[in-house]
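Enquirer: Predicted coordinates and the sequence they were generated for:
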Protein chains: 2
Amino acid sequence: MENSFGETIRKLREGNNLLLREVSAKLEIDASVLSKIENNNRIAKKELIKKFAKIYNVDYNKLLIIWLSDKIVNELKDENNIDEILKIAGQKIKYGKE
Amino acid sequence: MENSFGETIRKLREGNNLLLREVSAKLEIDASVLSKIENNNRIAKKELIKKFAKIYNVDYNKLLIIWLSDKIVNELKDENNIDEILKIAGQKIKYGKE
DNA sequence: TATATACTTGACAAATTTTGTCAAGTCAAA
DNA sequence: TTTGACTTGACAAAATTTGTCAAGTATATA
């Protein structure tokens, strides 16, 4: 099953035996922010994704997909008719409509 | 085929033979903002949807679905792997993960 | 028990984005 | 060539997001 962005990068950090403060230094953000991101209490800003991919040596696009799907979840999690909304969104994008 | 939120409310306004300034007065926004919304140059803020539904006497949920799908389109329109992202987002929501 | 280390949390400030206002513009009809 | 309907762009105001900092928890270890 797919993981959240936070879980994903936490596992990557642990797998690489790195400390929060080591990674946050490389990301140039405060360790508290990284903590929140890993715990899904904040959404990482998009430019951080490239840095994560580089630090953990993983595919940027895979991280991006996880991050984007999390953003969609955030936008829709309290709504109804999720499947219909996603279907319509997909169609609109496919047919170049907006 | 599904229409954009802007097209939708423009058609509704025209079908009701109302002027931009008449509707914008009811919405309590400047006519220029409504113009931009109808032309998809701005996204309406969510609270406006209720007002639109009331003014045009249409189902709130239908408008909401159109508006939300537009927001998703906006978020994904310049990305790749759209179908995968939408699929994953749907799964995450369904299984209560985020 | 005390000290250190890793991480978490919340309040606030700074930065960014969104939204509203206004003035000037286009365009078509009268 | 004036009027009415709408559009556009620049800017200000408001709201949201992001970063900073200080204090907190939890665990391990001397």
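Expert: Everything's here; your move.

Enquirer: what comes up buried for the longest helix anywhere in chain A?
Expert: As assigned by DSSP state H, the longest helix anywhere in chain A is helix A:60-76. For helix A:60-76, the neighbour count (16 or more other Cβ atoms under 10 Å in any protein chain shown) marks A:63-73, A:76 as buried. Heads up, the C-betas are built off the backbone N, CA and C, glycines and all.

Enquirer: On the pLDDT front, check the most centrally placed residue in chain A for me.
Expert: Residue closest to the average C-alpha location in chain A (Cα atoms, centre = their mean): residue A:67, at 2.5 Å. On pLDDT, residue A:67 comes in at 97.

Enquirer: In this structure it contacts residue A:45, no?
Expert: No - in this structure, residue A:67 is not within contact of residue A:45 by Cβ atoms under 8 Å, at 9.9 Å.

Enquirer: Return the residues in contact with residue A:12.
Expert: A:52, A:56, A:58 (Cβ atoms under 8 Å, 6 or more residues apart in numbering or on different chains).

Enquirer: if we take the buried residues of helix A:60-76, which one ends up nearest to DNA strand D?
Expert: residue A:71 (9.9 Å; Cβ to the nearest atom of the strand).

Enquirer: OK, contacts around that closest one?
Expert: A:43, B:75.

Enquirer: Then residue A:65?
Expert: Going by Cβ under 8 Å, 6+ apart, the list of residues near residue A:65 reads B:81, B:84-85, B:88.

Enquirer: Swap in 10 Å and give it another go.
Expert: A:2, A:5, A:59, B:79-81, B:84-85, B:88-89 (Cβ atoms under 10 Å, 6 or more residues apart in numbering or on different chains).

Enquirer: can you check residue A:94 too?
Expert: Residue A:94 neighbours (Cβ under 10 Å, 6+ apart): B:82-83.

Enquirer: I'd like the distance between the nearest residue to residue A:31 once chain neighbours are set aside and DNA strand D.
Expert: Spatial nearest neighbour of residue A:31, excluding adjacent residues (Cβ to Cβ, 6 or more residues apart in numbering or on different chains): residue A:24 at 4.2 Å. Distance, residue A:24 to DNA strand D, by Cβ to the nearest atom of the strand, to the nearest Å: 9 Å.

Enquirer: Over to residue A:5?
Expert: The value you get for residue A:5 to DNA strand D, if Cβ to the nearest atom of the strand is used, is 12 Å.

Enquirer: now swap in residue A:38 and tell me
Expert: Counting by Cβ to the nearest atom of the strand, the gap from residue A:38 to DNA strand D is 13 Å.

Enquirer: what does the model give the residue lying closest to that residue once chain neighbours are set aside for pLDDT?
Expert: Leaving aside its chain neighbours, residue A:38 sits nearest to residue A:10 (4.2 Å; criterion: Cβ to Cβ, 6+ apart). Residue A:10 carries a pLDDT value of 97.
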